[in-house]
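pasted the sequence and its predicted model underneath.
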Amino acid sequence: QVQLVESGGRSVQAGGSLRLSCVASGDGFNRHLVAWFRQAPGQEREFVGGISWSGSTPYYADSVRGRFTISRDNAKNTVYLQMSSLKPEDTAVYYCAADPKIGTRVGDPSSYDYWGQGTQVTVSS
């Protein structure tokens with residue numbers, strides 16, 4: 001069982017940067033695939049980025065590639081999402097998700113067993 005808590009969301013001007021954190025408690029987090037998703041009002045939950053359990057393999061949605069960087073520190077049970085060159089269309093609630101299963105589809109929210117409560121990111125123009 002893993003519990004996830006996101007933090008770092010706030011309001012920021014377009015072009016600015018933010019770093020989101022996802023802190024895990026529970027057993028075996030360092031053996032979990034972790035991903036960030038986001039959901040804007042009236043829209044479906046959207047994959048943003050993911051990272052393998054070792055941290056060696058990052059995955060990104062096309063909409064954020066080159067602007068966002070995902071990383072993890074397993075010693076701290078924490079995954080980070082560094083967001084730069086933010087745009088108003090990045091406004092959403094950002095969720096951290098984790099899953100231990102081999103073969104988890106990184107971009108499919110239904111594949112994940114564990115979710116955080118979300119943190120709001122608002123980008124103004």
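Cool, the structure landed. Numbers count the residues shown, from 1 in each chain.

going by C-alpha atoms from here, please, whenever you check contacts or count neighbours.
Fine.

summarise which helices and strands the helix or strand encompassing Tyr80 is packed against.
Tyr80 belongs to strand 78-83 when elements are defined using DSSP states H and E. For strand 78-83, the helices and strands in contact under the criterion 3 or more Cα pairs under 8 Å, 6 or more residues apart in numbering; DSSP states H and E are strand 18-26, strand 68-73.

gap between the very next helix or strand once past it and the chain center?
On the C-terminal side of strand 78-83, the closest following helix or strand by DSSP H and E is strand 92-99. In terms of Cα atoms, centre = their mean, to the nearest Å, the centre of strand 92-99 is set 5 Å apart from its chain centre.

for strand 92-99, which positions count as buried?
Counting neighbours by 16 or more other Cα atoms under 10 Å, one finds that the buried residues in strand 92-99 are 92-99.

also stretch 114-125?
Neighbour counts over stretch 114-125 (16+ other Cα under 10 Å) mark 114-116, 118-124 as buried.

next step: the residues you listed restricted to strands.
114-115, 119-124 (DSSP state E).

quick check: mean pLDDT across stretch 88-99?
Stretch 88-99 shows a mean pLDDT of 97 in the predicted model.

got a list of contacts for that stretch?
Under the contact criterion Cα atoms under 8 Å, 6 or more residues apart in numbering, stretch 88-99 has outside partners 4-6, 9, 14, 22, 32-41, 111-125.

give me the pLDDT for Asn30.
Among the per-residue scores, Asn30 shows a pLDDT of 86.

how close does it sit to Asn77?
7 Å (Cα to Cα, to the nearest Å).

poorly predicted segments of this structure, please.
With pLDDT under 70 as the threshold, the chain has no low-confidence stretch at all.

now do the contacts for the residue most central in space within it.
The centroid of the chain falls nearest to Trp36 when counting by Cα atoms, centre = their mean (2.1 Å). Shown here is Trp36, whose contacts under the criterion Cα under 8 Å, 6+ apart are 47-50, 81, 94-97.
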